[in-house]
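# Just the structure for this:
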Amino acid sequence: MIVGGYTLELYCDARPDDTLHTRALIVAGDGFGEFVGEKASTCRRLARKAGWLLNLKEGTCICPACRKKASE
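Numbers count the residues shown, from 1 in each chain. Prediction:
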């Protein structure tokens, strides 16, 4: 049997040197910051639905908390 899948782990680029911030994103409820699907596009769609801002051209992402702070 061949099984395929994709895991997308996101780390917020708003505060890249703050390990407590990135660790909190990954362990906070229901896999926040980690998305699993059959394709990369599925994972990206799930991440955007969860509030992540993804910029594929620059290779950066902003978590929902930092994104909300920036818009205030």
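
# Now stretch 12-19: average pLDDT?
Across stretch 12-19, the average pLDDT comes to 69.

# Stretch 41-55 too?
pLDDT averaged over stretch 41-55 gives 91.

# contacting residues around it?
By C-beta atoms under 8 Å, 6 or more residues apart in numbering, the list of residues contacting stretch 41-55 from outside reads 6-8, 10, 32, 35-37, 56, 60-64, 67-68. C-betas here are computed from N, CA, C, even on glycine.

# State the pair within those residues that is farthest apart.
Y6 and K68 (26.9 Å; C-beta to C-beta).

# How many residues are close by F35?
F35: 22 surrounding residues under other C-beta atoms under 10 Å.

# so it makes contact with C61?
No: counting by C-beta atoms under 8 Å, F35 does not reach C61; the two are 11.1 Å apart.

# Now do T60, the pLDDT please.
What the model reports as pLDDT for T60 is 88.

# How about it, nearest residue that isn't a chain neighbour?
Closest residue to T60 apart from its sequence neighbours, by C-beta to C-beta, 6 or more residues apart in numbering: D13 at 4.4 Å.

# so that neighbour sits in a strand?
No: according to DSSP: H, G, I helix; E, B strand; the rest coil, D13 belongs to no strand; its state is coil.

# Understood, closing this out.
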